[in-house]
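Enquirer: From the sequence below, what's the structure:
(one chain, ligands or ions: 1)
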Amino acid sequence: MTNECPCGSTLSYDECCGAIIKGKKEAKTAEELMRSRYTAFVKVNVEYLMRTQYKASRSNKNKNKIKRWAQSIQWLNLAIKSVSGGTENDETGVVIFRAYYIENGEYENLYEESYFQKIDGKWMYTKGIDLNMENEEKLFSER
Ligand SMILES: [Zn+2]
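Expert: Sure, this is the predicted structure:
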């Protein structure tokens, strides 16, 4: 069994998202933070997800909900579709990605436009727009 990082970077977990999740290094870019959050989902590390989300609802109810969901699905892979801003020199960034997973025996994917902002010098996830939902809404409104 290899110890490749779940984010698909081909680096080992410890060199890649693991170092960020364990606090050994900071995410330098919005994409790095995004990848580490995906990996934290794979590893069901809800604490890390909460810590890297700006004004996350830290209630135990919310935490348990995320945990239950993360445990119930099997992540397949992550595909970064586009990145704008989010470099070391930026204050904000937007990353569009698809994350593939299996839930209740069905292939599903999360297609999201994620917004990131540097807060006190650290990249934080601020909000996400579900693009699958947006596309569905567009389809409905066109009828
Ligand atoms: Zn990684």
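
Enquirer: For the host helix or strand of Val94, name the packing helices and strands.
Expert: Assigned by DSSP states H and E, Val94 belongs to strand 92-103. Packed against strand 92-103 by the contact rule (3 or more C-beta pairs under 8 Å, 6 or more residues apart in numbering; DSSP states H and E) you find helix 30-42, strand 74-85, strand 106-119. In short, each C-beta sits where N, CA and C put it, glycine included.

Enquirer: quick one, the last one and strand 92-103 angle?
Expert: It refers to strand 106-119. Inter-element angle recorded for strand 106-119 and strand 92-103: 160 degrees (by axes from the mean of the first three to the mean of the last three C-alpha atoms, to 10 degrees).

Enquirer: Nearest residue to Glu108 in space, please, no chain neighbours.
Expert: Tyr101 (5.6 Å; C-beta to C-beta, 6 or more residues apart in numbering).

Enquirer: quick revisit: strand partners of the strand holding Val94, parallel vs antiparallel please.
Expert: Strands adjacent to strand 92-103 in the sheet, as given by DSSP bridges, are strand 74-85 (antiparallel), strand 106-119 (antiparallel).
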